[in-house]
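*Asks:* here you go, sequence then predicted model.
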Amino acid sequence: MPFAKIMDIFLAIFTYFSYAFIITAYSIKALRYLRMPTHLRWELYPVMHEENHQYGGSYFEQVDWWIKNRRKHFIKSILLFLNEYAFFGSYFRLQKSYWVVLYICHIGFILLIAFQIFCLLGAIAAVFGVEVSSKSQDITGKALYYFALLSGVICFLSGTIGSIGLFIKRLTDKNLKAYTSPEVYFGYVFNLVLSLVGLYVWYYVDPTFSQYRGFWKGLITLNPENVEPIMALFIIILALHLIYLPFTRAFHYISRIFAFFLILWDDEPNLRGSNLEKKLQALLNQNISWSAPHIKTGKTWIEQIERPKSGS
């Protein structure tokens with residue numbers, strides 16, 4: 001078998017593996033988060049799904065609140081979350097100079113995902129006979145062409161600028177530098193290499209991303225297409241990047257959802273007979289494995305906090 005054909009098959013298998021790996025790894029991580037013990041209640045107000053969240057009001061203001069149906073306005077919560085997720089408002093309020101490079105870098109990451117999706121959709125359209133190009137007579141084909149082109153170019157530019165900016169910012173800011181590990185710097189370099197190779201591919205090899213879209217078409221039809229060496233390098237780096245992500249802090253793109261909806265805005269009441277009471281009861285029945293002047297090892301938490309009987 002010619003070396004070129006072997007390389008095509010390797011690129012296809014490696015890409016399949018990288019996507020299967022990141023989906024599996026992220027799913028395992030998400031399940032672990034969801035199965036963790038009940039968190040300590042923050043009791044922070046306002047909770048966005050509350051009817052009177054404007055002034056920090058809660059359902060506790062109502063008479064006999066425990067026997068009434070609770071009204072939750074999840075649309076408000078979702079809109080606020082999307083605003084924070086898209087614009088990083090808390091970072092902007094705390095440190096604007098850091099927010100600039102952080103936002104640019106994250107835009108690059110988000111658009112990299114969008115670029116992959118548009119290339120995949122373009123490849124699917126091509127399989128069904130839709131021409132994906134700037135001259136396509138099909139509005140879907142033309143839209144997918146421009147979406148992939150714009151998201152690809154912007155993501156590589158943003159990734160380059162953002163990675164360099166974050167690297168310099170964390171290296172020169174003494175407060176950030178103290179909390180930046182070598183792994184974080186390595187991640188910036190990795191993102192920078194991926195973005196630079198992507199820019200090179202776009203500018204010198206595949207200005208319309210038709211070759212890369214053809215690679216995706218080959219993945220769908222199980223008939224790997226031949227690509228140029230620099231494109232092969234880009235595909236390998238991208239696959240390595242997908243495998244690398246689960247071992248980084250990039251999971252916060254998902255864990256932030258848990259943090260907002262399951263922790264920050266969790267105001268579920270602990271009612272008698274509720275699922276929350278059962279979970280807390282199970283935790284309180286756990287044995288204590290450490291000791292202190294006020295704690296006796298071997299006892300459960302319930303036994304520890306029970307008041308001694310009178311006369312004992």
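*Replies:* That came through fine.

*Asks:* in the protein, which residue is closest to the centre?
*Replies:* Tyr253 (2.2 Å; C-alpha atoms, centre = their mean).

*Asks:* stretch 77-95: end-to-end distance?
*Replies:* 24 Å (C-alpha to C-alpha, to the nearest Å).

*Asks:* for that stretch, buried residues please.
*Replies:* Neighbour counts over stretch 77-95 (16 or more other C-beta atoms under 10 Å) mark 77, 80-81, 88, 91 as buried. For glycine as for every other residue, the C-beta is placed from the backbone atoms N, C-alpha and C.

*Asks:* which pLDDT value belongs to Ile257?
*Replies:* On pLDDT, Ile257 comes in at 89.

*Asks:* does it sit in a helix, a strand or a coil?
*Replies:* Three-state assignment for Ile257 (DSSP: H, G, I helix; E, B strand; the rest coil): helix.

*Asks:* picking that back up, tell me the one of the buried residues of stretch 77-95 nearest Gly198?
*Replies:* Top of the list for closeness to Gly198, among these and by C-beta to C-beta, is Phe88 at 23.3 Å.

*Asks:* that closest one and Val101 touch, don't they?
*Replies:* No: using C-beta atoms under 8 Å as the test, Phe88 is too far from Val101 to be in contact (11.2 Å).

*Asks:* give me the low-pLDDT residue ranges for the chain?
*Replies:* Along the chain, segments meeting pLDDT under 70 span 306-312.

*Asks:* longest helix in it, by number of residues?
*Replies:* Ranked by number of residues, the top helix in the chain under DSSP state H is helix 139-172.

*Asks:* show me what that helix is packed up against.
*Replies:* Applying 3 or more C-beta pairs under 8 Å, 6 or more residues apart in numbering; DSSP states H and E, we find helix 139-172 packed against helix 96-127, helix 174-177, helix 182-200.

*Asks:* show me what the shortest one is in contact with.
*Replies:* Defining contact as C-beta atoms under 8 Å, 6 or more residues apart in numbering, one finds that helix 174-177 is touched by 98, 169-171.

*Asks:* only the buried subset of these, as a ChimeraX command please.
*Replies:* Remark: buried members of the contacts of helix 174-177, expressed as a ChimeraX selection using 16+ other C-beta under 10 Å:
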select :98,169,170
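
*Asks:* the contacts of helix 174-177 into JSON lines, with extra columns for distance to Glu268?
*Replies:* Putting the contacts of helix 174-177 into JSON lines (distance: C-beta to C-beta, whole Å) gives the following:
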{"residue": "Tyr98", "distance to Glu268": "35"}
{"residue": "Lys169", "distance to Glu268": "39"}
{"residue": "Arg170", "distance to Glu268": "38"}
{"residue": "Leu171", "distance to Glu268": "43"}
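
*Asks:* what segments of the stretch 201-312 of the chain are helices?
*Replies:* Applying DSSP state H, counting those that start in this stretch to the stretch 201-312 of the chain gives helices spanning 210-221, 229-244, 252-258, 275-284, 301-305.

*Asks:* right, and those helices - which one's nearest Leu196?
*Replies:* Here helix 229-244 is closest among the helices of the stretch 201-312 of the chain (C-beta to C-beta), at 9.8 Å.

*Asks:* alright, calling it a day.
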